[in-house]
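Visitor: Show me the folded form of this:
(one chain, ligands or ions: 1)
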Amino acid sequence: MLSLDSPIANPTSPARFPLRSALAAFFALLAVALLARCASAPPPREHDEIVAAGRSFHTGTQVVLWHDQGGYDAYQTQKRFKLDEPPDGQLRYRKVRADLPAELEANVTARGWRLDELRAIVRVFVLHFDVAGTSRQCFKILQDVRNLSVHFLLDTDGTIYQTLDLQEQAHHATYANKVSVGVEIAHPGCYPRQRHPDMMRWYEQDEGGWRMKFPAFLGETGVRTKGFVPRPAQNEGLSGAIHGTQYWQLDFTEQQYHALARLCAALHRVFPRIRLDAPRGEDGAVLTTNLPPEQLLGFEGIVGHFHVQRNKTDPGPAFQWERLLREARELSQ
Ligand SMILES: [Zn+2]
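Guide: Below is the predicted model of the structure:
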């Protein structure tokens with residue numbers, strides 16, 4: 001950068017720098033400045049990046065960020081699907097994570113997060129199903145109806161949407177929000193009996209087996225893969241106990257498992273305290289009920305919402321925990 005008293009900028013000594021030399025010097029400096037800018041410019045986006053404390057991390061699967069076209073922006077303090085309504089001014093997230101040590105809270109409040117600081121705090125990844133069926137409908141409910149938030153939405157076709165920098169505390173899992181990041185996986189949910197009418201309005205069968213259908217009330221689905229037909233990864237209704245009660249469910253899609261494994265592996269790189277494991281009982285199996293809050297807050301890894309709260313069943317009995325964890329570990333090696 002030129003200092004103000006450099007000869008070029010000094011109007012009192014024009015004779016020492018005739019016009020041609022001055023122009024040549026100017027263009028030479030311009031070239032240097034442009035080269036320097038190119039050297040420091042961020043690499044082009046591959047659209048598989050997630051963002052934590054302002055830094056990008058590749059996942060190897062498609063990610064749409066909150067500021068991308070067609071993205072879902074939880075920083076907005078207004079409804080996403082009723083833009084004619086004036087902003088309501090309501091934050092859908094918490095700007096500084098709760099219960100930080102006093103010094104860290106003061107620093108983060110004053111100048112924002114550093115990644116190493118965030119790494120010391122974030123240690124849980126919470127998996128939800130959205131009972132909304134599509135990420136578009138899920139965001140509509142969170143943003144426009146309930147003033148809630150979650151960092152990621154995972155649509156039926158495997159597209160991941162990130163709605164907030166992972167530094168923010170999203171409102172998705174009550175007392176676990178302060179130490180966690182979360183994902184809402186697009187899915188109709190689980191039900192207390194087989195072929196429950198609330199479940200069957202989301203599914204039909206054809207020669208290829210079970211397939212999801214989108215009820216008319218959804219209108220536009222927002223699914224980015226045109227003509228995509230979501231099919232459960234396992235072609236049968238599955239049942240299992242959550243909190244000791246039996247539920248029925250059809251599985252998530254192959255595309256969702258594929259994307260989720262990559263997201264888990266990436267999150268483990270971003271936040272090493274998020275281990276690629278879930279809460280297990282003495283028999284070694286993934287627990288099917290909640291942990292007491294002090295145990296959950298002491299856990300480091302991937303949990304279902306039902307591990308956090310007794311009144312929740314997501315991601316349900318059909319969810320393939322061992323498959324997800326195995327694939328995520330293989331990707332991390
Ligand atoms: Zn949930």
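Visitor: Give me the number of neighbouring residues for the residue in the stretch 101-250 of the chain that the ion sits nearest to.
Guide: Residue of the stretch 101-250 of the chain nearest the ion, by Cβ to the ion: residue 128 (3.3 Å). Heads up, the C-betas are built off the backbone N, CA and C, glycines and all. Number of residues near residue 128 (other Cβ atoms under 10 Å) recorded here: 24.
Visitor: Check residue 254 too.
Guide: Residue 254 - counted by other Cβ under 10 Å - has 14 other residues nearby.
Visitor: And the pLDDT for the closest residue to it other than its chain neighbours?
Guide: Once flanking residues are discounted, residue 254 sits nearest to residue 233: 4.9 Å by Cβ to Cβ, 6 or more residues apart in numbering. If you check residue 233, the pLDDT there is 98.
Visitor: Check the contact between residue 233 and residue 253; I expect there is one.
Guide: Yes - with contacts counted by Cβ atoms under 8 Å, residue 233 reaches residue 253, the gap being 6.1 Å.
Visitor: Backbone dihedrals for the nearest residue to residue 250 once chain neighbours are set aside, please?
Guide: Once flanking residues are discounted, residue 250 sits nearest to residue 232: 4.3 Å by Cβ to Cβ, 6+ apart. Per-residue torsions, residue 232: phi -60, psi 140 (degrees, to the nearest 10).
Visitor: Could you list the low-pLDDT ranges of the stretch 1-150 of the chain?
Guide: Per-residue confidence for the stretch 1-150 of the chain (pLDDT under 70) gives these ranges: 1-40.
Visitor: where exactly do the helices run in it?
Guide: If DSSP state H, counting those that start in this stretch is used as the criterion, the helices of the stretch 1-150 of the chain fall at 19-40, 102-111, 115-121, 135-139.
Visitor: returning to what we had before: how about the residue nearest to residue 254, what does it touch?
Guide: With contacts defined as Cβ atoms under 8 Å, 6 or more residues apart in numbering, the neighbours of residue 233 are 251, 252, 253, 254, 256, 257, 320.
Visitor: Run a quick neighbour tally on the residue of the stretch 201-333 of the chain found nearest the ion.
Guide: Nearest to the ion, among the residues of the stretch 201-333 of the chain, is residue 305, at 3.4 Å (Cβ to the ion). Burial of residue 305 is recorded as 23 neighbouring residues (other Cβ under 10 Å).
Visitor: how much space between it and residue 168?
Guide: 19 Å (Cβ to Cβ, to the nearest Å).
Visitor: Residue 235 too?
Guide: Noted for residue 235: a distance of 39 Å to residue 168, by Cβ to Cβ.
Visitor: before we move on, what about residue 254?
Guide: 31 Å.
Visitor: Residue 42 too?
Guide: 21 Å.
Visitor: now the strands: where do they sit in this structure?
Guide: Listed in chain order, the strands of the chain (DSSP state E) span 49-52, 55-58, 63-64, 93-94, 124-129, 152-154, 160-162, 169-170, 180-185, 203-206, 209-212, 238-242, 245-249, 301-304.
Visitor: Residue 235 and residue 168: which has the busier surroundings?
Guide: Shown here are residue 235 and residue 168; by other Cβ under 10 Å, residue 168 has more neighbours (22 against 13).
Visitor: what separates the more buried one from residue 55, distance-wise?
Guide: Residue 168 is 14 Å from residue 55, by Cβ to Cβ.
Visitor: try residue 183
Guide: Taken as Cβ to Cβ, the span from residue 183 to residue 55 is 19 Å.
Visitor: between the two, who's got more neighbours?
Guide: residue 183 (27 against 15).
Visitor: And stretch 199-206, what's buried?
Guide: Applying a neighbour-count criterion of 16 or more other Cβ atoms under 10 Å, one finds 199, 202, 203 buried in stretch 199-206.
Visitor: Could you dump the residues you listed into TSV with pLDDT and distance to the ion added?
Guide: Output for the buried residues of stretch 199-206, formatted as TSV (pLDDT from 0 to 100; distance: Cβ to the ion, whole Å):
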residue	pLDDT	distance to the ion
199	94	17
202	97	17
203	97	21
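Visitor: Closest to residue 75 out of those?
Guide: Residue 75 lies nearest to residue 202 out of these, by Cβ to Cβ, at 30.8 Å.
Visitor: which residues does the closest residue to that closest one other than its chain neighbours contact?
Guide: Excluding the flanking residues, the one nearest residue 202 by Cβ to Cβ, 6+ apart is residue 188, at 3.9 Å. Residues near residue 188 by Cβ under 8 Å, 6+ apart: 129, 131, 133, 198, 199, 202, 203, 212, 250.
Visitor: Show me what the first one is bridged to.
Guide: For residue 129, the beta-bridge partners are residue 185 (DSSP bridges).
Visitor: Show me the beta-bridge partners of the most centrally placed residue in the chain.
Guide: Centroid check for the chain by Cα atoms, centre = their mean gives residue 152 as the closest residue, at 2.4 Å. Residue 152 forms beta bridges with residue 162, residue 183, as assigned by DSSP bridges.
Visitor: How about the residues of the stretch 1-150 of the chain by the ion?
Guide: Within reach of the ion by Cβ under 5 Å from the ion, the stretch 1-150 of the chain has these residues: residue 128.
Visitor: domains of this structure?
Guide: With domains defined by automatic domain parsing, the chain comprises 1-41, 49-192+219-332.
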